[in-house]
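Undergrad: how does the following fold in three dimensions:
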Amino acid sequence: MAEDVKPEQVTATEAEPKTPKAEKKAGAGKEAAFQPGQVMTPEEAEALMAQTDANHDTLQALYDKSFSKFNQEEIVSGSILEIGSSYVIVDLGFKSEGMIPVEEFIDISEFKEGDPVELFLESPEDADGNVQVSRRKVYFLRAWERLMKKHENDEVITGRIVRRIKGGFVVDLDGIDAFLP
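TA: Below is the predicted model:
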C-alpha cells in the first residue's frame, strides 16, 4: 500500500520566518512608537522618522525660546524663593537659582518669599553654574532713568551732600553719587 505523497506547495508568505511582535507591557496605557525586535516596513520607518524630526524641531524651538527672553546685562524679573540671613535666593526660570547678598537689598524688609523682584542679569552662568544677578544695579538704573527724565523735563534735581572732597562735594541724588563743584 504505497501511498503517493504529494509535496506541499509553500507560498511566499508562509516561507517568511515568524518574527516576534512587539509586546505591550503590562500597565502601559500607551504603546511606544518603536520597540526592540519590532519589524517595520520602510513606510512605517519613514513615518516614525518624520514624527521624530517634528518632535525634535518642537523641542529645539521651545529650548531656544526659553533662553531668548533673557539677555545678558538687562533687568529681568524673578520670584523670591528664600530670604536667609546673608543671601536671598531668587528663581529666574533658569536651570539654577540666583543668590544675591542681603546687603544689596535696600528695602529687604518690604519683601517676603514668593514676591516678584527685579534683578540685573550680569551673566546667565558663571564658572560654577550659578546665575549672576544684582539688585544694587537695578536701584542704580532706575534712579538714573528718573534723573534723566527730570533732566529732559528741565526739572530741578535735589540731592543730599554726603561729604566734602577736594574741589567740591559728593552729592547723593536718589542713590547716585554726583560731583558738585
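Undergrad: any weak-confidence spans in this structure?
TA: Scanning the chain for pLDDT under 70 picks out 1-34, 54, 62-71.
Undergrad: which residue ranges form the helices in the chain?
TA: 12-15, 42-68, 136-152 (DSSP state H).
Undergrad: from S79, how far off is P116?
TA: 6 Å (Cβ to Cβ, to the nearest Å). For glycine as for every other residue, the C-beta is placed from the backbone atoms N, C-alpha and C.
Undergrad: ok, those two, which is more surrounded?
TA: S79 (13 against 10; other Cβ atoms under 10 Å).
Undergrad: correct me if wrong: that one contacts G114.
TA: Yes - counting by Cβ atoms under 8 Å, S79 does reach G114; the two are 6.2 Å apart.
Undergrad: F105 - how many residues pack around it?
TA: 18.
Undergrad: for G84, grab phi and psi.
TA: Here is the backbone geometry of G84 (degrees, to the nearest 10): phi -100, psi -170.
Undergrad: mind listing what the closest residue to it other than its chain neighbours touches?
TA: Spatially, and ignoring its direct neighbours in sequence, G84 is nearest to V102 (7.4 Å; Cβ to Cβ, 6 or more residues apart in numbering). Applying Cβ atoms under 8 Å, 6 or more residues apart in numbering, we find V102 in contact with 83-88, 108.
Undergrad: can I have the buried ones of those residues as a PyMOL selection?
TA: With 16 or more other Cβ atoms under 10 Å as the criterion, this PyMOL line picks the buried residues out of those:
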select buried, resi 83+88
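Undergrad: so which of the contacts of V102 belong to strands?
TA: Among the contacts of V102, the members found in strands (DSSP state E) are 83, 87-88.
Undergrad: got CSV for the helices of the chain, with mean neighbour count and distance to G129 too?
TA: As requested, the helices of the chain are exported to CSV (neighbours: other Cβ atoms under 10 Å; distance: least, Cβ to Cβ, whole Å):
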stretch, mean neighbour count, distance to G129
helix 12-15, 7, 59
helix 42-68, 10, 15
helix 136-152, 14, 21
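Undergrad: could you export those as TSV, including distance to L173?
TA: Formatted as TSV, these follow (distance: least, Cβ to Cβ, whole Å):
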stretch	distance to L173
helix 12-15	89
helix 42-68	35
helix 136-152	6
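Undergrad: of these, which approaches F94 most closely?
TA: In terms of Cβ to Cβ, the element of the helices of the chain nearest to F94 is helix 42-68, at 8.6 Å.
Undergrad: if I look at V90, how far off is E155?
TA: Applying Cβ to Cβ to V90 and E155 gives a distance of 34 Å.
Undergrad: which residue of the two possesses the greater neighbour count?
TA: V90 (24 against 10).
Undergrad: kindly state the beta-bridge partners for that one.
TA: I80, G98 (DSSP bridges).
Undergrad: ok, now V117?
TA: Note on V117: beta-bridge partners by DSSP bridges are G78.
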